[in-house]
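Student: My questions are about this predicted structure, shown below with the sequence.
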Amino acid sequence: MSCRAVCCHRWSSEERLDSKTAIITGANTGIGKETARDLAARGARIIMACRDLERAEEARSEILEDTGNANVVVRKLDLSDCRSIRAFAELINKEEKQVNILINNAGIMMCPYSKTTDGFEMQFGVNHLGHFLLTYLLLDLIKVSAPARIVVVASVAHTWTSLRLDDLNSENGYDTMKAYGQSKLANVLFARALAKKLKVQSDLWRHQHQCIQVAVKIFRIFTKTTVEGAQTTIYCAVQPGLESQSGAYFSDCAPARCSRSASDDDLAQELWESSCSMLGITWQ
């Protein structure tokens, strides 16, 4: 395997993924689509988890034409509706033998105030809670597919605000940028807490040689093309030897620093407990 990176504008690697299955949320457009295209070119089975099936099928056809990989499928997933998330996870757990890579990529950005089907503020509900529930429902399959990776796509917007644990749904005042920033901070804290919990579990699985790596990919808003923006996601999903950096934060295909709040393990645990309560699940 050889790889190179020049400011991560175009990261390249000969690493193959022929026996791997990857789920990418929001794979019909932007960074998700470019990530799907790259992983498909490496031979992976790609599950495009998308809300808009028409646009997803168009993207699938384009990826097939570009890569020659026919093992790319579209599945319905609306992260603003817990019923849709549960239906998607049930289908994946029934149909798929393995999930080696889960890329929590989909998201909405700085929209007017609205709520998800389940009554959550839209940005927090889709960007954080939707992916939190999806990961929870797929984790058993990911565990039996180990070594595996979970990549959470965040952004520098996580530095824009603090986490308002007493008002996660922004009901006491809504600022579109702060609400987006809060959802991205929640992404980073979720990945941090998940990596910590999986590390504890993996210590119990040592004899089975199981490892699930969790990475946070941070992108910079408005400063990169879609292709450039996808490079760190691809790096986190593909690059060998990152197991020792589970829970780390990456920008430009390298470890990066995050905000003080994003490094707060106590805050991450409080968010974890609040998220479980909001979703009505028990996840130790």
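Tutor: Happy to help now that I have it.
Student: low-confidence ranges in the stretch 101-250 of the chain?
Tutor: Residues of the stretch 101-250 of the chain meeting the criterion pLDDT under 70: 200-212, 215-224, 244, 249.
Student: Tell me how far residue 181 lies from residue 37.
Tutor: From residue 181 across to residue 37, the span is 29 Å (Cβ to Cβ, to the nearest Å). Every residue, glycine included, has its C-beta placed from N, CA and C.
Student: Need the residues that contact stretch 28-41.
Tutor: Contacts to stretch 28-41, defined as Cβ atoms under 8 Å, 6 or more residues apart in numbering, come from residues 17, 22, 24-27, 46, 48, 50, 52, 55-56, 58-59, 62-64, 66-67, 69, 71-72, 74, 101, 103, 105-106, 153, 219, 226-227, 229-230, 233-234, 237-238.
Student: go again using 6 Å as the cut-off
Tutor: Stretch 28-41 has contacts (Cβ atoms under 6 Å, 6 or more residues apart in numbering) with 22, 24, 26-27, 46, 48, 50, 55-56, 59, 63, 66-67, 69, 72, 105, 226-227, 229-230, 233-234.
Student: Then stretch 87-105?
Tutor: In contact with stretch 87-105 (Cβ under 6 Å, 6+ apart) are residues 20-26, 32, 77, 131, 137-138, 141-142, 145, 148-153, 237.
Student: ok, of the residues you listed, which come out buried?
Tutor: Buried subset of the contacts of stretch 87-105 (neighbour count, 16 or more other Cβ atoms under 10 Å): 20-26, 32, 77, 131, 137-138, 141-142, 145, 148-153, 237.
Student: Buried members of the contacts of stretch 28-41 into PyMOL, please.
Tutor: Buried residues among those (16+ other Cβ under 10 Å), as a PyMOL selection:
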select buried, resi 22+24+26+27+46+48+50+56+59+63+67+69+72+105+229+230+233+234
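Student: mind listing which of the buried ones among the contacts of stretch 87-105 are in helices?
Tutor: 32, 131, 137, 138, 141, 142, 237 (DSSP state H).
Student: any chance of those in CSV, plus distance to residue 214?
Tutor: Compiled in CSV, those are given as follows (distance: Cβ to Cβ, whole Å):
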residue, distance to residue 214
32, 18
131, 12
137, 16
138, 13
141, 16
142, 10
237, 12
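Student: closest to residue 116 among the residues you listed?
Tutor: Comparing those against residue 116 with Cβ to Cβ picks out residue 131 as the nearest, at 12.7 Å.
Student: so the spatially closest residue to that closest one that is not a sequence neighbour bridges to which residues?
Tutor: Nearest residue to residue 131, sequence neighbours excluded (Cβ to Cβ, 6 or more residues apart in numbering): residue 104, at 4.0 Å. Beta-bridge pairing of residue 104 under DSSP bridges involves residue 152.
Student: Helices of the stretch 151-284 of the chain, residue ranges please.
Tutor: Here the stretch 151-284 of the chain has its helices, by DSSP state H, counting those that start in this stretch, at 176-204, 226-238, 265-279.
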